[in-house]
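Trainee: Please work out how this folds:
(chains A, B, C and D)
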2 protein chains.
Amino acid sequence: MSLRYALLALLRVGPKSGYDLQKQFDTSVGHLWHAPDSQIYPELRRMEEAGLVRGEEQVRGTRGSRRVYHVTPEGEADYLAWIDGPLAYTRVREPASLKAAYLEAASPEAARAFLEEHIRHWRAELDQWEAELARIDARTSPMLQDRLAVTPEDDHDRVVAFKRLGYENLTGRARAEIAWAQRGLEVVGRFPVRG
Amino acid sequence: MSLRYALLALLRVGPKSGYDLQKQFDTSVGHLWHAPDSQIYPELRRMEEAGLVRGEEQVRGTRGSRRVYHVTPEGEADYLAWIDGPLAYTRVREPASLKAAYLEAASPEAARAFLEEHIRHWRAELDQWEAELARIDARTSPMLQDRLAVTPEDDHDRVVAFKRLGYENLTGRARAEIAWAQRGLEVVGRFPVRG
DNA sequence: CCTACCATGTAAGACGTTACATGATTGG
DNA sequence: CCAATCATGTAACGTCTTACATGGTAGG
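Mentor: Residues are numbered from 1 along each chain as shown, chains lettered A, B, ... in the order given. Below you'll find the predicted structure:
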């Protein structure tokens, strides 16, 4: 259900086509939520059926067209209910934890490779998110600039502070994963011989 | 696909019925992976079709029966391939991060309630996982005892060390979430007035 | 006899991934 | 004219959730 609200959050800044939204999901906002085009277009249609957005067909060239969506008052109300309402938590399902708990069955090389790959993966994510945090602080992030453009200046600091908070959750997560995998490598080092 | 390997990991310790597995998923191992009965029974059937497990019908009372599964050599090979192979990473999708990044639209009370609930949620998870870690250290965890019973004594320390590692990922995650939400509360405190 | 527990599923739907599929426009 | 980009989907499949559904057994 988060896809719906991610889309509403983007559309609240200004009307966009499915393609526009998809591009944003591939870059900036894609860090916070991601969806492929094959999920976006049908979801927009469903949201329109539910009255949350309205799409308007625009001509493009002689025969082309694009459908630009904007948020309706019902969509705005639904969005505010989401942001003011509780978040549904699901049970944790961590493939990496599961695998780690059974690494006794792996060769030491495979165990080490798994943990090193884990570090590589989260390091790459961390780098991306920290770069975005830097752009948020400098207020050069395109997503943020669009948002600030439709926000009274008094509120700019608040908007920036919460964007930052969202990304800080991601960087905190990545750092925890890296630290954990590094401790894991020490464990592997303590038991070099396969049983 | 992790469900399949979670099931194999449990069945490698000894033959079990769907019901036995479900019980374990509700308690100890359920921290690492969880699935409802409606997912377990069909998956066991599929695994049997794939030759990874074999089920044997046992009589219970006069008319009752239960199907007890054990891992086949093919299942063992598949499990070892999984544990020695790479883990597939998917894109991060964090509803809490998404919501935090758009908290500017929430009332300060709702923002605070969200972050406090986040802390409560992860605190409860953390407590559970730490209790399990204590049971792992004391080697009183039922799951661990079953595992150690079929493991040569030389290997006990290794087995315990990796179980511990698996759970440490979860506790590390929970601590990061709590610390983040606490910082979030400070941010909310800095912007008490809704824009 | 009744309650707690043992035991096993089906069905519908939400959500997400991957692959397939098509065509128009714009700028060089 | 050609390539990059704009633009929009369908189809099949896998995973997971929630709800529905049924019946047997063991112990007090």
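
Trainee: from here on, contacts and neighbour counts on C-alpha atoms
Mentor: Noted.

Trainee: So the residue nearest the centre of chain A versus residue A:111, what's the distance?
Mentor: Central residue check for chain A by C-alpha atoms, centre = their mean: the C-alpha nearest the mean position is that of residue A:32, 1.7 Å away. Taking C-alpha to C-alpha, to the nearest Å as the measure, residue A:32 falls 30 Å from residue A:111.

Trainee: same question, residue A:132
Mentor: 32 Å.

Trainee: got it, and residue A:66?
Mentor: Residue A:66 is 50 Å from residue A:111, by C-alpha to C-alpha.

Trainee: With neighbour numbers in mind, choose between the two.
Mentor: Per other C-alpha atoms under 10 Å in any protein chain shown, whichever of residue A:66 and residue A:111 has more neighbours is residue A:111, with 25 against 15.

Trainee: does any bit of the lengthiest helix in chain A sit next to chain B?
Mentor: Secondary structure of chain A per DSSP state H: the longest helix is helix A:156-190. Yes: Helix A:156-190 is in contact with chain B by C-alpha under 8 Å from any C-alpha of the partner chain, via A:158-159, A:161-170, A:172-173, A:176-177, A:180, A:184, A:187.

Trainee: Kindly report the same for stretch A:6-20.
Mentor: Yes: judged by C-alpha under 8 Å from any C-alpha, stretch A:6-20 comes into contact with chain B through A:6, A:9.

Trainee: for the record, mean pLDDT for that stretch?
Mentor: In this model, stretch A:6-20 has an average pLDDT of 96.

Trainee: can you count the residues close to residue A:59?
Mentor: 11.

Trainee: Can you give me every residue that contacts it?
Mentor: Going by C-alpha atoms under 8 Å, 6 or more residues apart in numbering or on different chains, residue A:59 touches A:65-66.

Trainee: Do a quick rundown of the helices in chain A.
Mentor: Under DSSP H, chain A gives helices at A:2-13, A:18-26, A:37-49, A:73-84, A:95-101, A:108-137, A:142-149, A:156-190.

Trainee: got those helices as a markdown table, with distance to residue B:12 columns?
Mentor: Listed next are those as a markdown table, based on distance: least, C-alpha to C-alpha, whole Å:
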| stretch | distance to residue B:12 |
| --- | --- |
| helix A:2-13 | 38 |
| helix A:18-26 | 42 |
| helix A:37-49 | 39 |
| helix A:73-84 | 44 |
| helix A:95-101 | 14 |
| helix A:108-137 | 19 |
| helix A:142-149 | 50 |
| helix A:156-190 | 22 |
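
Trainee: any idea which of those helices is most buried?
Mentor: helix A:95-101 (a mean of 24; mean count of other C-alpha atoms under 10 Å in any protein chain shown).

Trainee: That one near DNA strand C anywhere?
Mentor: No: no part of helix A:95-101 sits near DNA strand C under the criterion C-alpha under 7 Å from any atom of the strand; the closest distance found is 14.6 Å.

Trainee: sorry, back to before: state the distance from the residue nearest to the centre of chain A to residue B:50.
Mentor: 37 Å.

Trainee: what residues does chain A put near DNA strand C?
Mentor: Residues of chain A lying near DNA strand C (C-alpha under 7 Å from any atom of the strand): A:1-3, A:34-36, A:38-39, A:60-64.

Trainee: Outline the domain layout of chain A.
Mentor: Residue ranges for each domain of chain A read A:2-84, A:95-190, as given by automatic domain parsing.

Trainee: nearest to DNA strand D, of the ones you listed?
Mentor: domain A:2-84 (3.4 Å; C-alpha to the nearest atom of the strand).

Trainee: Do that closest one and DNA strand D come into contact?
Mentor: Yes: Domain A:2-84 reaches DNA strand D (C-alpha under 7 Å from any atom of the strand) through A:17-20, A:37-39, A:41-42, A:60, A:65-68.

Trainee: residue ranges with poor pLDDT in chain A?
Mentor: Applying pLDDT under 70 to chain A flags residues A:194-195.

Trainee: distance of residue A:1 from residue A:82?
Mentor: For residue A:1, the distance to residue A:82 equals 10 Å [C-alpha to C-alpha].

Trainee: How about residue A:160?
Mentor: For residue A:160, the distance to residue A:82 - C-alpha to C-alpha - is 20 Å.

Trainee: go on, residue A:6?
Mentor: On the measure of C-alpha to C-alpha, residue A:6 and residue A:82 end up 11 Å apart.

Trainee: Next: residue A:166.
Mentor: 16 Å.

Trainee: for residue A:170, same thing?
Mentor: Where residue A:82 is concerned, residue A:170 sits at a distance of 21 Å (C-alpha to C-alpha).

Trainee: Then residue A:25?
Mentor: Noted for residue A:25: a distance of 20 Å to residue A:82, by C-alpha to C-alpha.

Trainee: next one: residue A:162
Mentor: Taking C-alpha to C-alpha, one finds residue A:162 at 16 Å from residue A:82.

Trainee: Over to residue A:128?
Mentor: Residue A:128 sits 28 Å away from residue A:82, going by C-alpha to C-alpha.

Trainee: swap in residue A:190?
Mentor: Distance from residue A:190 to residue A:82, counting by C-alpha to C-alpha: 48 Å.

Trainee: ditto for residue A:21
Mentor: The gap separating residue A:21 from residue A:82 is 20 Å, by C-alpha to C-alpha.

Trainee: Equivalent analysis for residue A:61, please.
Mentor: 38 Å.

Trainee: what do you get for residue A:156?
Mentor: Distance from residue A:156 to residue A:82, by C-alpha to C-alpha: 22 Å.

Trainee: Over to residue A:115?
Mentor: Going from residue A:115 to residue A:82 by C-alpha to C-alpha gives 37 Å.

Trainee: related to what we said a few turns ago, find the nearest non-adjacent residue to the residue nearest to the centre of chain A, please.
Mentor: Once flanking residues are discounted, residue A:32 sits nearest to residue B:98: 5.3 Å by C-alpha to C-alpha, 6 or more residues apart in numbering or on different chains.

Trainee: show me what contacts that neighbour?
Mentor: By C-alpha under 8 Å, 6+ apart, the residues touching residue B:98 are A:6, A:32-33, A:166.
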